[in-house]
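Trainee: With the input below, show me the fold.
(chains A and B)
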Amino acid sequence: MNQERSIRRVVRRETHSSRAAASILTAALLAAGLLWLAVEAVLALLRESPLLASPGQLGRWLTGLPANTVPAGLVAAGAGLAMLGLFLLGAALLGGRRPRRSLRSGRSAVVVDDAVIAAAVSRRARLAAGLTPGQVTTTVSGRSVRVQVRPTSGVPVDRDAVHGAVDRELHSYELDRPATPTVHVLKEGAVGQ
Amino acid sequence: MSNTNRALNRLLLGLAGLLLVVAGAVTAAAGLMPGVASGWETAGTALTEHARAAVAAAPLPGPARSWWAVAYVAGLLLAAGLCVAWLASQGGGRTPRLAREEDSGQGATAVDAGLVDAAVAQALEGNLLVLGSAVTAWESRHGTGLRLRLQARKGASPRELADTAEDLIRGVDALLGRPVPVLVRITGGAKSRVAAPERAR
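Mentor: The predicted model follows:
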């Protein structure tokens, strides 16, 4: 496997969920249920008293379920089961992208948290506008970078200058998924900064 | 960087999800449509009768009483074992050993990830952009790779951190004598939120 392909593979694995948590939960519950059924079957063969219900009792309970339950209860239980199933199907079929992205690098695979990018963009915007920490907040998600600037009361902020600085900063990262910045300057300023 | 089989995870989760959706749909249908409810009871009674007949049809001396009962228990145990195997396939691949070189009959040299970890930590001492670092080695069928984690100070430029990492890796390459696959992770986290941002430069 050549280096570029192996880097791409590592980046993909690092930026997408492995679905380990859902798998561990499902496998553990399934194994516990199957072991319980096996123990009940053995206890019934040995004519011992069951832990919760013998296989015969279980079969009778399942068969009589529609007759012994109010219809609304059945519908609710069915909806609950289906919801759980849809959740697992979602885990199986959806992308599972994590809030990270990769930087271009010649030698290795570099993956950065979106939070780190947001903090760096905030800092750059703050320096460009001459503001104090806390006056700029940045959200990085998908393909957008939202920069929110809260100017000092009475001192206007040059929106285009901030936008230019942020744009240059993002360009210098050479992200694999380019993100377009939008700068919002709030109407209310911060007093006494 | 672990060796979790992700395709298997998705396949098995999809199967379990599909089964649950079908079971849920049938249960809800039994509550809504009387026809389905009566069909459920007929099928349940038939299956119970079938199982009883099967147990009686293949008798076995001793406490087990029937081949079918033994097969039922064995099947359940096998399925539970497969679930445990699925559970055990999560993660894995972390190794303390980064590289090993045989020296034609005169012995072998092994390099632990801890050595590189200490070297990287020392190289980063006094670096204002980095709050912490960790180096781990991971083994897969594509060979042994290195994972370098840098915890960024709040506001540190990812590009500068990536360049720092590049320098460090050049040093590691020189240390090992040959390049290994490297993943650099630049992370935030609790420490980044608490530590003061770098002010004057």
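
Trainee: list the helices and strands the lengthiest helix in chain A packs on?
Mentor: Secondary structure of chain A per DSSP state H: the longest helix is helix A:20-45. Secondary-structure packing of helix A:20-45 (3 or more C-beta pairs under 8 Å, 6 or more residues apart in numbering or on different chains; DSSP states H and E): helix A:55-63, helix A:71-93, helix B:6-32, helix B:67-88. In this view, the C-beta of every residue, glycine as well, is placed from N, C-alpha and C.

Trainee: what about 6 Å?
Mentor: The contact analysis (3 or more C-beta pairs under 6 Å, 6 or more residues apart in numbering or on different chains; DSSP states H and E) places helix A:20-45 against helix A:55-63, helix B:6-32, helix B:67-88.

Trainee: Run through the neighbouring helices and strands of the longest one.
Mentor: Counting contacts by 3+ C-beta pairs under 6 Å, 6+ apart, helix B:6-32 is packed against helix A:20-45, helix A:71-93, helix B:34-57.

Trainee: which regions of chain A sit below the pLDDT cut-off?
Mentor: Chain A contains residues with pLDDT under 70 at A:1, A:192-193.

Trainee: what residue of it is the furthest out?
Mentor: The centre of chain A is farthest from one residue, residue A:47, which by C-alpha atoms, centre = their mean lies 49.7 Å away.

Trainee: now that residue: how far from chain B?
Mentor: Applying C-beta to the nearest C-beta, to the nearest Å, the value for residue A:47 to chain B is 8 Å.

Trainee: Hmm, residue A:135 is touching residue A:150, no?
Mentor: Yes. Using C-beta atoms under 6 Å, residue A:135 is in contact with residue A:150, at 4.8 Å.

Trainee: Mind listing the shared neighbours of these two?
Mentor: Taking C-beta atoms under 6 Å, 6 or more residues apart in numbering or on different chains as the criterion, residue A:135 and residue A:150 both touch residue A:190.

Trainee: Which one, of the helices and strands packed on helix A:20-45, ends up nearest to residue A:161?
Mentor: Closest approach to residue A:161 among the helices and strands packed on helix A:20-45 is made by helix B:6-32 (44.7 Å; C-beta to C-beta).

Trainee: For residue A:156, which of the helices and strands packed on helix B:6-32 is the nearest?
Mentor: Ranking the helices and strands packed on helix B:6-32 by proximity to residue A:156 (C-beta to C-beta) places helix A:71-93 first, at 46.9 Å.

Trainee: what's the distance between the closest one and the middle of its chain?
Mentor: Centroid separation between helix A:71-93 and its chain, computed with C-alpha atoms, centre = their mean, to the nearest Å, is 21 Å.

Trainee: Is that helix positioned near chain B?
Mentor: Yes. Applying C-beta under 6 Å from any C-beta of the partner chain, one finds helix A:71-93 in contact with chain B at A:71, A:74-75, A:77-79, A:81-82, A:84-85, A:88-89, A:91-92.

Trainee: so what's residue B:56 closest to, chain neighbours aside?
Mentor: Once flanking residues are discounted, residue B:56 sits nearest to residue B:66: 7.3 Å by C-beta to C-beta, 6 or more residues apart in numbering or on different chains.

Trainee: Just say helix, strand or coil for the residue farthest from the centre of chain A.
Mentor: coil (DSSP: H, G, I helix; E, B strand; the rest coil).

Trainee: what helices or strands is the helix or strand harbouring residue A:126 leaning on?
Mentor: For residue A:126, the host element (DSSP states H and E) is helix A:114-129. Packing partners of helix A:114-129 (3+ C-beta pairs under 6 Å, 6+ apart): strand A:136-141, helix A:159-173, helix B:158-176.

Trainee: Okay, buried residues for the shortest one please.
Mentor: Of the residues in strand A:136-141, those with enough neighbours to count as buried (16 or more other C-beta atoms under 10 Å in any protein chain shown) are A:136, A:138, A:140.

Trainee: Mind putting those residues into CSV with distance to residue B:99?
Mentor: Shown next, in CSV, are the buried residues of strand A:136-141 (distance: C-beta to C-beta, whole Å):
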residue, distance to residue B:99
A:136, 45
A:138, 40
A:140, 36
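
Trainee: contacting residues for the residue nearest to residue B:56?
Mentor: B:55, B:58, B:59, B:60 are the contacts of residue B:66 under C-beta under 6 Å, 6+ apart.

Trainee: The same query, at a cut-off of 10 Å, please.
Mentor: Taking C-beta atoms under 10 Å, 6 or more residues apart in numbering or on different chains as the contact definition, residue B:66 lies against A:45, B:54, B:55, B:56, B:57, B:58, B:59, B:60, B:72.

Trainee: Run through the bridge partners of it.
Mentor: Counting by DSSP bridges, residue B:66 forms beta bridges with residue B:59.

Trainee: how's chain A carved up into domains?
Mentor: A:18-93, A:100-185 (automatic domain parsing).

Trainee: For residue B:167, which of these is the nearest?
Mentor: Among those, domain A:100-185 comes nearest to residue B:167, with 10.2 Å by C-beta to C-beta.

Trainee: what distance separates that closest one from the centre of its chain?
Mentor: Put simply, domain A:100-185 sits 22 Å off its chain's centre (C-alpha atoms, centre = their mean).

Trainee: How far does it stretch from one end to the other?
Mentor: From its first residue to its last, domain A:100-185 covers 26 Å (C-alpha to C-alpha, to the nearest Å).

Trainee: Surely residue A:79 and residue B:29 touch.
Mentor: No. If you go by C-beta atoms under 10 Å, residue A:79 and residue B:29 don't touch, sitting 11.2 Å apart.

Trainee: between these two, who's got more neighbours?
Mentor: Neighbours of residue A:79 and residue B:29, each counted by other C-beta atoms under 10 Å in any protein chain shown, are more numerous for residue B:29; the result is 18 against 15.
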